[in-house]
Structures are given as C-alpha cells and as structure tokens.
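Peer 1: how would this look folded up:
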Amino acid sequence: MDPVAFYVFGTPVMWYGVLITLGVLAAFVATYINTKRSQGTISFDDITDAFLYAFPLALVGARVYYVVFELDQYNSFSEMLDFRNGGLAIHGGLIGAAIGVLIYKFIKKKSTTTILDMADAAAPSIILAQAIGRWGNFMNQEAHGGPVTEAFISRFPAFIQEGMYIGGTYYHPTFLYESIWNVLMFIVLMIWFGKRKEREHGVILYAYMILYSIGRFFIEGLRTDSLMFLGMRQAQLISVAAILFGIVMIYLTKKKAQTKI
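Peer 2: Numbering: from 1, shown residues only. Okay, the predicted model is just below:
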C-alpha cells in the first residue's frame, strides 16, 4: 500500500490526512442536515463557530494522547509533531474537542442546554467522520488485528486482502470492522435524532458514547497496537467508563425531561 495520495510541488500529501479531511466534510453535511431537521431550534452557524474552537484542540489532543502512551518510540520533538503517517488517538481527540467546546461556551456565553442540543446534532457526524478516517489506517497498514489464515482473509475483497498482507502474514482488518460498525451506528443515531424529544438535551451525545464504545471495546480486543495503561488496553477501559456514563446520563436526562411535562 502507498500511504501517499499525491504530491503538491514535491511535497507528499498522505492518504491519512486526505481521509480525515473527507471525514470532516461529510460530518459537516450530516450536521447541516440535522440542524435543518431541528426546524430552527439548533443553529448550524453556532456549530460551525464551535468547530473552529474544537477541531484544532481535537488534533492536538489526539496527537498528545497518542505520544504520551508511545513516548519511547520518538527520538525528537519534531517526530512527535509529525502525524502524517498516523498516530492520532480518538479518545484524545474527543477530550481536546470537549475542551474546545467548553472554551466556546464560556466565551460566547452559551447555555448548557444549547451546547447539548448542538452536540446532539453533531454526534452522528462524529461517528461518520470516524468511519471514514479509519480508512487512513488501512492506507498506512496500521491499527490492524492479529494474524489470520489465508482462508479467513479470502472472504474479503481483493484490495483488503492485499492491504492486510504485511510482511508475509495476513492480519485482521480491524479498521474495516470499526468502520462498518460506525456507519451502522451513524444510521441509528440519525434515526434517533429524528425521534429525539425537545427536552432531552444531550441524549444523542450520550447514545453516541454508548454505541461507539460497545463496538470499540470488542474490536480493540483484536488489535495488536493497543495503547496500554497498567497492563490493560486503555481504550477498553475508557469504553467501559463511557458506556456506564452514557447509560446513567440518558436515564437522568429522560427522567428530568419527564418531570418538566
């Protein structure tokens, strides 16, 4: 696999960056659709403004998070800054984005319910962007699972077989598993958003946390490049915490909405 998509004046542009960009653009489209579905109760302009705060910090958070757990792999600070060949952790990105949104909230003096409504409109878009971005891992031949037999990998399209043939061994295309899961959950969340009750601020965001984390927990168990914490896969630990948090918050949100009727 060639991780370079094309060259601009001799400078390589990596598929990883191209696919992240495509994921962001697709997310904007899906978010715009949701703001229209909200019949004016959620502002697309506000979400765009919040994005300008969140996205830069998401990139920084994703890179810092990854580097912290893989610090012994870097020989210089310049290597730490270079993520063109991969090395972004989604959980760090989400933390960075959350910090950016909080900064936006206080600067623009937005209410918590407004921010949660914005997050509900954007949550399906986030998982869609993740689904597209995972193909950047494929182009870099990273974030794959353990070895598999030729008979197993032969069930997949030829280009997947070729991409997962690394160093004479076939590997689980875990990037593909997660991408498919994310697309399915994007559809679920888009449908759920359409049925969301006006007073249930944040319920789609919490559903995103639960649904993404369920898939990530099981898929992470197949991967060979997991970031570790105290001998455990940190993504699985965070997934369990996110699932529990999401369940509690959906319960509290729905209970609070019912008391206001």
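
Peer 1: Okay, strands next: where are they in the stretch 101-250 of the chain?
Peer 2: For the stretch 101-250 of the chain, the strands defined by DSSP state E, counting those that start in this stretch cover 147-148, 165-166, 169-171, 228-229, 232-233.

Peer 1: now these in TSV, with distance to Ile214 and mean pLDDT?
Peer 2: Glycine gets a C-beta too; all of them are placed from N, C-alpha and C. Shown next, in TSV, are the strands of the stretch 101-250 of the chain (distance: least, C-beta to C-beta, whole Å; pLDDT from 0 to 100):
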stretch	distance to Ile214	mean pLDDT
strand 147-148	23	96
strand 165-166	28	94
strand 169-171	23	96
strand 228-229	20	83
strand 232-233	15	90
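
Peer 1: Relative to Arg155, which of these is closest?
Peer 2: Of all those, the one in closest proximity to Arg155, counting by C-beta to C-beta, is strand 147-148 (9.9 Å).

Peer 1: show me where pLDDT drops low in the stretch 101-250 of the chain?
Peer 2: Across the stretch 101-250 of the chain, nothing is flagged by pLDDT under 70.

Peer 1: one step back: out of the strands of the stretch 101-250 of the chain, which is closest to Ala207?
Peer 2: That would be, of the strands of the stretch 101-250 of the chain and by C-beta to C-beta, strand 232-233, which comes in at 23.4 Å.

Peer 1: Given that closest one, what are its sheet partners and their directions?
Peer 2: Partners of strand 232-233 in the sheet, by DSSP bridges, are strand 228-229 (antiparallel).

Peer 1: Other residues contacting the strand it pairs with?
Peer 2: Contact with strand 228-229 is made by 69, 234, 237, as judged by C-beta atoms under 8 Å, 6 or more residues apart in numbering.

Peer 1: Redo the strands of the stretch 101-250 of the chain as CSV? Include distance to Ala242 and mean neighbour count.
Peer 2: CSV is the format used below for the strands of the stretch 101-250 of the chain (distance: least, C-beta to C-beta, whole Å; neighbours: other C-beta atoms under 10 Å):
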stretch, distance to Ala242, mean neighbour count
strand 147-148, 28, 16
strand 165-166, 30, 14
strand 169-171, 27, 17
strand 228-229, 15, 12
strand 232-233, 14, 13
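
Peer 1: Could you provide those in TSV, with additional columns for distance to Met1?
Peer 2: Formatted as TSV, the strands of the stretch 101-250 of the chain follow (distance: least, C-beta to C-beta, whole Å):
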stretch	distance to Met1
strand 147-148	17
strand 165-166	9
strand 169-171	12
strand 228-229	26
strand 232-233	25
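
Peer 1: Which of the ones you listed sits closest to Ser38?
Peer 2: strand 232-233 (37.2 Å).

Peer 1: circling back to that earlier point, from the contacts of strand 228-229, which would you call buried?
Peer 2: Buried residues within the contacts of strand 228-229, counting neighbours by 16 or more other C-beta atoms under 10 Å: 69, 234.

Peer 1: From the contacts of strand 228-229, pick the one nearest Asp117.
Peer 2: Using C-beta to C-beta, Leu237 comes nearest to Asp117 of these, at 29.7 Å.
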